[in-house]
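Student: predicted model and sequence follow; I will ask about them next.
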Amino acid sequence: MRRYLFDKQSTNMGKTLFDKIWDQHVVTKAAATSDVLYIDRHFIHEVTSPQAFDGLRKRGLPVFRTEQTIATADHNVPTKGQHLPIKEELSRFQVDTLSRNCEEFGVKLYGLGHPFQGIVHVIGPELGITQPGMTIVCGDSHTSTHGAFGCIAFGIGTSQVEQVLATQCVLQKKPKRMRITINGELQKGVLSKDIILYIISKLTASGGTGHFVEYAGSAIRSLSMEARMTICNMSIEMGARGGMIAPDETTFDYVKGKEFAPKGAAFDQAVEQWKKLYSDEDAQFDTEYTFKAEDIEPMLTYGTNPGMGIGISETIPRPSDAVSSNSFSKSLEYMGFEAGERLTGKSIDYVFIGSCTNSRIEDLRIVADYIKGKKKAAHINVMVVPGSKQVESQAKKEGLDKIFEAAGFEFREPGCSACLGMNEDKVPKGAYCISTSNRNFEGRQGPGARTILASPLMAAATAIEGKIVDFRQSFN
Amino acid sequence: MEKFSSLQSSAVPLPIEEIDTDQIIPARFLKATTREGFGENLFRDWRYDAQNKAKPDFILNNDSYKGKILIAGRNFGCGSSREHAAWALVDYGFKVVVSSFFADIFRGNALNNGLLPVQVSPEFLDAAFKAIEQSPESSFTVDLENQNITIDATGQSEQFDIDPYKKMCLSNGYDDIDFLLSVKDKIVAYENR
């Protein structure tokens, strides 16, 4: 790992991708350090929007730009029997409140039952709402996902949701710029989830704080859009406001033909603009890291924040300094692990394949491809939750649902599901879950649940074996 | 938003690092559609067991530790963008959170709710924890105008940073939305450029 720090004396420099988009969206300044940033697309969902709509009502304000506001229900929805009324009263009320608010304020809603419904960070890209060069916000920290298209996309609090609804702008201090470059070729069995877990394990859960990250390098360039989204999605897990990848042919090909993407000549014109979205060669970053793709193994987390990750062949480290040893021990105690031990061989109770990190069609294909003709271990519970109705129907079209069922996996309906222990899908106290989601915090998947973050491939292998294995051996 | 100028209070110590917003307020308590009442579930799973009985070893259940200041380990408020975390801390009665490092989104959410995040050096944080260890009633003075925090017993004091615009908002009780609404014509002009 190499790290550079540039001083910012020199002017007349080229611009970073981040600066190009940010500067283009500054309406005015509130003070020397606060920009009024114009927002192109605002996604909302049921959990972080009700108080914002209340705020509008109290001030007698309309939604300023309804056509730039898109709503869906995802966090609080059941993933079974979505055609029925939601059983849990508070959840039902919250989802109904979103519907009422959208109707009252004229906001387009892809609610339960709609063919476009799904996790907000899955539907934006797959509908072509997310396009290169845009500024995108949502009351959800994983909004960073949309950065995969060369967007400035970041999570905001509910007060800011209200501000964007009222003015299509947020007040924001411009973050510093970081570039993380990954060059080289990935080992077999290593997915983009492993890349980002590796990066976070090196930078820690706070290493990106105050920064906006651009991911670059040949290993990043070689990734599909789905894989790029997984990387940008977890930028927040190292504290960064967002992550982005310069758009290229892979991006343009993905956007082309999507429901709300520009069509025909308008698309070609858009691509001409999008091609200008890259960091100039002489652009300077406040912080830079470079890693070698060859050094990355399939990753697993062993602790209670996403920075606590190791490669499959490694052992759980010992606390490096006395200051943090208390928090480190508390974390291992919660997980029931000891410093110095390996994770391979550990028996696992649950496997969750889903969330805004890894619930896209490519993720489901990877899992289905690995488990085809195999059966899950008898003691393990396996849930596959597609990211959207469109992912669900595509999976069915390809017969992936049949492969999941034959292996004993439960194929559910779309939603955030067991990623966050809010809806009905939870992991019981003390149980171990290999999860393709993004957070291994204490109780994240349910009170007392023990989460180990990993790639869809690791999740699939664990489901079959019932324990953590170095599945790369099966490739030989 | 309530105005903030200065505060003298004892503090509640929570010397744990990487306290994420899922600990501050677990997701299953985010189903409310108003801003009130979240204090009841602040640090829910550290504070109560599965039978909803108070865990005696958790600091908020110990009557010796009270106050309007929460002092916590580094990277406080990481994780989810849920503003409910700031609402829960404010609803419980906290006015200031002191840590050696704050996550970005939490810091913004706190400032938008009149909760002052005071970022201090690791050394000052240690000294603050030690002062409380010696005497749980130890008081601290937080002065927004002069941007400093003092351990009253020892007089040890440290400056803290705050964005000048957010300082002005906090001192006057202004919300960002008031400012944004005041520049609406500029926003429309931007759209039409």
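Tutor: Noted; the coordinates are in hand.

Student: where along chain B do the helices fall?
Tutor: B:21-24, B:44-47, B:84-92, B:104-111, B:122-134, B:164-172, B:176-182, B:184-191 (DSSP state H).

Student: and the longest strand for chain B?
Tutor: Longest strand of chain B, by residue count under DSSP state E: strand B:6-14.

Student: quick one: contacts of that one?
Tutor: Contacts of strand B:6-14 with the rest of the structure, by Cβ atoms under 8 Å, 6 or more residues apart in numbering or on different chains, involve B:59-60, B:65-73, B:94-96, B:98, B:128-129, B:132-133, B:136-145, B:152. All C-beta atoms are positioned from the backbone trio N, CA, C, and that covers glycine.

Student: and the residue nearest the centre of chain B, how far is that from residue B:116?
Tutor: In chain B, the residue lying closest to the centroid (Cα atoms, centre = their mean) is residue B:97, at 3.5 Å. Per Cβ to Cβ, to the nearest Å, residue B:97 is found 7 Å from residue B:116.

Student: tell me the buried residues in the longest strand of chain B?
Tutor: B:7, B:9-14 (16 or more other Cβ atoms under 10 Å in any protein chain shown).

Student: what is the neighbour count of residue 120?
Tutor: In the absence of a named chain, this looks at chain A. 27 (other Cβ atoms under 10 Å in any protein chain shown).

Student: try again with chain B
Tutor: Using other Cβ under 10 Å, residue B:120 has 20 neighbouring residues.

Student: likewise for residue A:363?
Tutor: Residue A:363: 31 neighbours (other Cβ under 10 Å).

Student: cool, the one 10 residues further on as well?
Tutor: Other residues near residue A:373 number 7, with proximity taken as other Cβ under 10 Å.

Student: quick check: which ranges of the stretch 1-150 of chain A have low pLDDT?
Tutor: Applying pLDDT under 70 to the stretch 1-150 of chain A flags residues A:1-12.

Student: who in it is up against chain B?
Tutor: Counting by Cβ under 8 Å from any Cβ of the partner chain, the residues of the stretch 1-150 of chain A close to chain B are A:27-28, A:30-34, A:36, A:38, A:47-48, A:50-51, A:54-55, A:59, A:61, A:75-76, A:90-91, A:93-94, A:97, A:139-141.

Student: before we move on, the earlier item: and the nearest residue to the residue nearest to the centre of chain B once chain neighbours are set aside, how far from residue B:109?
Tutor: Closest residue in space to residue B:97, ignoring its immediate chain neighbours: residue B:70 at 4.9 Å, by Cβ to Cβ, 6 or more residues apart in numbering or on different chains. Distance check for residue B:70 against residue B:109: by Cβ to Cβ, it reads 15 Å.

Student: ok, residue A:77 next?
Tutor: In this view, residue A:77 and residue B:109 are 25 Å apart by Cβ to Cβ.

Student: can you check residue A:114 too?
Tutor: Noted for residue A:114: a distance of 30 Å to residue B:109, by Cβ to Cβ.

Student: the more surrounded of these two?
Tutor: Neighbour count, other Cβ under 10 Å: between residue A:114 and residue B:109, residue B:109 has more, with 27 against 13.

Student: wait, that one sits on residue B:85?
Tutor: Yes. Counting by Cβ atoms under 8 Å, residue B:109 sits close enough to residue B:85 to count as a contact (6.9 Å).

Student: since that was my last question, I'll sign off now.
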